[in-house]
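Asker: Provided below are the primary sequence and the corresponding predicted coordinates.
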Amino acid sequence: MASRAIAPIEHRGENNNKAKNVLGVEGGRNRRVLQDIGNLVINQADPAANANVPKRITRAQLAAAEKTKKSIPELVNVPNVAATKAVQAVKPAEPEVIVISSDDESEVKEKQAVNGRKLRERSTKKNAKAFSSVLSARSCKAAGRIMPKDLVENIDATDKDNELAATEYIDDIYQYYKLSEDDVRVHDYMASQPDINAKMRSILVDWLIEVHRKFELMPETFYLTLNIVDRFLSTKAVPRKELQLVGISSMLIASKYEEIWAPEVSDFVCISDNAYVREQVLTMEKTILRKLEWYLTVPTPYVFLVRYIKASTPSDKEMENMVNFLAELSMMHYATVSTYCPSMIAASAVYAARSTLERSPIWTDTLKHYTGYSEEQLRDCAKLMVSFHSEAPESKLRAIYKKFCSTDRCAVALRTPAKNLFLV
């Protein structure tokens, strides 16, 4: 049978010496000598020895050369058997040459790279910026609004460890609110309502404020209730006798959406003095949901109020109550709801509240940055709110006024209205 050349295999025994010959003298005649792979570090103190070192030798050959006082070139053609016997006969001293294999060298380099990267991350961690802040800066630059860093305060800095605050996404969330608020914005619809008017709507809202307080519901429920009422009235003509039914059915829907424990249908029937029965409330609930196409996730003014109050630094309980008072008071008037969008109503409430409480400056760069509105854009809506505040003590619809005259609301309704806005 014809013989064929095969790759040398590692065998145990005496034949293993020929297979391990790295120079290929006996194991494979046609193989080339291995080239330098940079894994040999020679003692730099002996330059004469460095000049005569071959490209590739083994640790055993180095040890044998050290003990027998042979030069490195004389050891090149010596088989590995002799080197092995020399090592067994004489225990080698600590070699001066440090040999590192290619695998060890790559591992060391990898560890050094990892340690260097960790050091760089530690040094830049303090100066690292959130991705959302970078996006905000780019959007401001694209819109032509360059806000100096020293004048704009980072209102989310204290919430960076609070997962519920979602500080990485908060700017994008409110940017989406701004874009989507026009879809649910209420425009003038009274012309399409033959049997009701703006005054009747104000009476309904004043009564809903009392119901809201009676059931101790969340603020989100109140604002969503009014949004549902206005959007439904803008799509369907409602008789005067059913206006209150629309109000309690809308609050029932909003309570199911916002509250953990929503009031039952029987509670709304009872609080309306049994003016309607259970079946009427459920039928109106279905009608409203069909007309609104179950679109209930909407940005109400309260969504923006929470953010803008936070931006009004330093904020306190009195400031928060004053903003909520002016916002709720404006929501009771049809002129405000039908003219201004939710974000402008919220920003104007903050502007009017700071004027009422004589905060200086009235409008800061931080507020301008987070609201996106300037003083000039908010002044007309703020003046309208101040006029509502001035008329509140003499108005027949006093539910909101009495609510914010209590001490637990810091009695902000009793503060003198900011009439200085009319001088601007």
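Answerer: Sure thing, it's come through. Numbers count the residues shown, from 1 in each chain.
Asker: Under a three-state scheme, what state does residue 288 occupy?
Answerer: In three-state terms, and counting by DSSP: H, G, I helix; E, B strand; the rest coil, residue 288 is helix.
Asker: What sits closest to it if chain neighbours are left out?
Answerer: The spatially closest residue to residue 288, leaving aside those adjacent along the chain, is residue 232, at 5.1 Å (C-beta to C-beta, 6 or more residues apart in numbering). All C-beta spots, glycine's among them, are computed from the backbone N, C-alpha and C.
Asker: Okay, and the one you found sits in which element?
Answerer: Here residue 232 sits within helix 219-233, counting by DSSP states H and E.
Asker: got the contact list for that helix?
Answerer: Where contact means C-beta atoms under 8 Å, 6 or more residues apart in numbering, the residues beyond helix 219-233 that reach it are 184, 186, 189, 193, 196, 201, 204-205, 208-209, 212, 238, 246-247, 250-251, 253-255, 257-259, 288, 291-292, 296, 298, 300-302, 324, 328, 331, 337.
Asker: what's the next secondary structure element after that helix?
Answerer: Where DSSP H and E defines the elements, the next helix or strand beyond helix 219-233 is helix 243-258.
Asker: quick one: buried residues of whichever helix or strand comes after that next one?
Answerer: Along the chain past helix 243-258, the next helix or strand (assigned with DSSP H and E) turns out to be helix 265-271. Judged by neighbour count using 16 or more other C-beta atoms under 10 Å, the buried positions of helix 265-271 are 265, 267, 268, 269, 271.
Asker: biggest separation within these, which pair?
Answerer: Put simply, by C-beta to C-beta the two of these set farthest apart are 265 and 271, 11.1 Å from each other.
Asker: Distance of the residue nearest to residue 212 when sequence neighbours are not counted relative to residue 239?
Answerer: Closest residue to residue 212 apart from its sequence neighbours, by C-beta to C-beta, 6+ apart: residue 222 at 5.0 Å. Computed with C-beta to C-beta, to the nearest Å, the distance linking residue 222 and residue 239 is 25 Å.
Asker: which of the two has more neighbours?
Answerer: residue 222 (23 against 12; other C-beta atoms under 10 Å).
Asker: For that one, report the pLDDT, please.
Answerer: According to the per-residue confidence, residue 222 scores 96 in pLDDT.
Asker: do the same with the one 4 residues further on
Answerer: In this prediction, residue 226 carries a pLDDT score of 96.
Asker: what does the one 10 residues further on give?
Answerer: At residue 236, the predicted lDDT confidence score is 91.
Asker: Tell me where this structure has strands.
Answerer: In the chain, the segments counted as strands under DSSP state E are 40-41, 98-99.
Asker: Out of the ones you listed, which gets the lowest mean score?
Answerer: Mean pLDDT values for the strands of the chain show the minimum at strand 98-99, a mean of 47.
Asker: before we move on, back to that, next, find the distance separating the residue nearest to residue 212 from residue 358.
Answerer: On the measure of C-beta to C-beta, residue 222 and residue 358 end up 28 Å apart.
Asker: Then residue 348?
Answerer: Taking C-beta to C-beta as the measure, residue 348 falls 17 Å from residue 358.
Asker: So the two - more neighbours on which side?
Answerer: More neighbours sit around residue 348 than around the other of residue 348 and residue 358, counting by other C-beta under 10 Å; the figures are 30 against 11.
Asker: List the buried residues for stretch 414-423?
Answerer: Applying a neighbour-count criterion of 16+ other C-beta under 10 Å, one finds 415, 417, 418, 421 buried in stretch 414-423.
Asker: Run through the stretch 301-424 of the chain and note the low-pLDDT ranges.
Answerer: Applying pLDDT under 70 to the stretch 301-424 of the chain flags the ranges 422-424.
Asker: let's see 90
Answerer: Applying pLDDT under 90 to the stretch 301-424 of the chain flags the ranges 313-316, 358, 360, 418-424.
Asker: same thing with the stretch 51-200 of the chain?
Answerer: Low-confidence regions of the stretch 51-200 of the chain, defined by pLDDT under 90, span residues 51-169, 179-188, 191.
Asker: Tabulate the buried residues of stretch 414-423 in JSON lines, adding columns for distance to residue 160.
Answerer: Formatted as JSON lines, the buried residues of stretch 414-423 follow (distance: C-beta to C-beta, whole Å):
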{"residue": "415", "distance to residue 160": "35"}
{"residue": "417", "distance to residue 160": "38"}
{"residue": "418", "distance to residue 160": "35"}
{"residue": "421", "distance to residue 160": "36"}
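Asker: Tell me who's in contact with residue 254.
Answerer: Contact criterion C-beta under 8 Å, 6+ apart gives 220, 221, 222, 224, 225, 228 as the residues in contact with residue 254.
Asker: And this protein, split by domain according to the record?
Answerer: 16-99, 185-291 (automatic domain parsing).
Asker: now the end-to-end length of the last one.
Answerer: Domain 185-291 has an end-to-end distance of 16 Å (criterion: C-alpha to C-alpha, to the nearest Å).
Asker: Could I get the phi/psi values of the nearest residue to residue 181 once chain neighbours are set aside?
Answerer: Closest residue to residue 181 in three dimensions, ignoring its sequence neighbours and counting by C-beta to C-beta, 6+ apart: residue 299, at 4.8 Å. Reported as degrees, to the nearest 10, the phi and psi values for residue 299 are phi -80, psi 100.
Asker: Does residue 299 touch residue 179 like I think?
Answerer: No: if you go by C-beta atoms under 8 Å, residue 299 and residue 179 don't touch, sitting 9.4 Å apart.
Asker: For these two, work out which one has more neighbours and name it.
Answerer: The neighbour count for residue 299 versus residue 179, taken as other C-beta under 10 Å, is higher for residue 299 (25 against 10).
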